[in-house]
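> my questions concern the predicted model and sequence given below.
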Amino acid sequence: TEHLYQYENFWYHPSYGLEGIMSIQQHFKPRSDDILLITSPKCGTTWLKALIFTIMNRTRYDFSAHPLLHSSPHDCVPFLELNLFRFNPIVDLECLPSPRLFASHIPFTSLPKSVLTSTCRIVYTCRNPNDVLVSLWHFMTKLRDKELQPFSLQEAFDLFSKGVSPFGPFWDHVLGYWKASQKFPNQMLFLKYEDLKNEPFVYVKRLAEFLGKPFSIEEEGQGMVHETLKLCSFENMSNLEVNKNGTYRAGVKNNVFYRQGKVGDWKNHLTREMIEKLDSLITEKFDGSGIFFKISP
Ligand code: A3P
């Protein structure tokens, strides 16, 4: 976090974010049938990548020989800023067949205007801030150089509360897309991790409809929705060899993206004081917006 820089009101790690965001702004050319998954880190990106990839390709692959059984969702749906534009600001994405599937953590206010004037679809996924903080802290702890002092939850909490987190302030990220999704309902689908966890059938069907690939009655009868959810479930994905021991990037294994996959683990980590402070922050930031995050009982 000592290395985060602010650009257009959001915080970035210079090489894991900022460079790529600037290149997207200059060089990304959306195609009318592109699908962009946009999230704030730790909101369920890996899960949504798997679900979107599976929904879009379901007539191409058999579930018993599916690419996700041996490839990470991060290889099937690359991040624009972290994978594609980070290494080559003029990366050629024109050669990719339609529909192209990309992911990004780019804040709404930094999104190139051409994305909004094209008809490409955006799926945005958010998660309750308490779980995001706990998930982010575990993630950063795993990635941290072992030579450095451990990063305490208190430090992570203090920074997160001030809005300092990768691609943060978290609430501004969420609110940017929430407001946009109300303005452009046909172009943007706004989802919550908790809703997907609680009512997976409902939300996966909604996701497929939004992507222009609704499940037909026959497909539902054949158990296609069920198979999609089963393939992409935390239990299945986190136990696949590729996700346990495969490599994400030098020195980082794919398994950093799988921890618990549950709602409410914050109760096991946050102190009473932290919970109270987050409660009041959530109220302050989201009240009146129409977004509700279930907070302490
Ligand atoms: P936890 O740390 O709370 O377990 P992201 O993919 O945006 O980086 O988010 C990572 C979070 O999503 C982690 O949360 C991770 O365990 C969870 N996750 C990863 N794959 C999942 C899946 N298939 N289903 C549900 N949650 C998943």
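Sure, I can see it. Numbering: from 1, shown residues only.

> Glu19 touches Phe87, doesn't it?
No - the criterion here is Cβ atoms under 8 Å, and Glu19 misses it with Phe87 at 9.3 Å. Quick note: C-beta positions are derived from backbone N, CA and C, even for glycine.

> more neighbours, the two?
For Glu19 versus Phe87, neighbours defined as other Cβ atoms under 10 Å are more numerous around Glu19 (18 against 11).

> and the nearest residue to that one once chain neighbours are set aside, what does it touch?
What sits nearest to Glu19 in space, not counting adjacent residues and going by Cβ to Cβ, 6 or more residues apart in numbering, is Arg86, at 5.9 Å. By Cβ atoms under 8 Å, 6 or more residues apart in numbering, the residues touching Arg86 are 15-16, 19-20, 23.

> after the lowest-mean-pLDDT helix or strand in the chain comes which helix or strand?
Of all helical and strand segments in the chain, the minimum by mean pLDDT, DSSP states H and E falls on helix 85-87, at a mean of 84. Where DSSP states H and E defines the elements, the next helix or strand beyond helix 85-87 is strand 101-104.

> now that following strand: buried residues?
Buried residues in strand 101-104, defined by neighbour count with 16 or more other Cβ atoms under 10 Å: 101-104.

> low-confidence regions, this protein specifically.
For the chain, applying pLDDT under 70 flags the ranges 1-2, 295-297.

> run through who's touching stretch 52-59.
By Cβ under 8 Å, 6+ apart, the list of residues contacting stretch 52-59 reads 35, 37, 66-68, 73, 76-77, 99, 101, 123, 204, 207-208, 211, 213, 219, 224, 228, 231-232.

> likewise for stretch 168-182?
The contact list for stretch 168-182 (Cβ under 8 Å, 6+ apart) reads 9-11, 38, 40, 105, 107-109, 122, 124, 126, 129, 132, 160, 163, 167, 188-190, 281, 285-286, 289-291.

> what do you get for stretch 210-229?
By Cβ under 8 Å, 6+ apart, stretch 210-229 touches 35, 51-52, 54-56, 58, 63, 121, 123, 189, 200-201, 204-205, 208.
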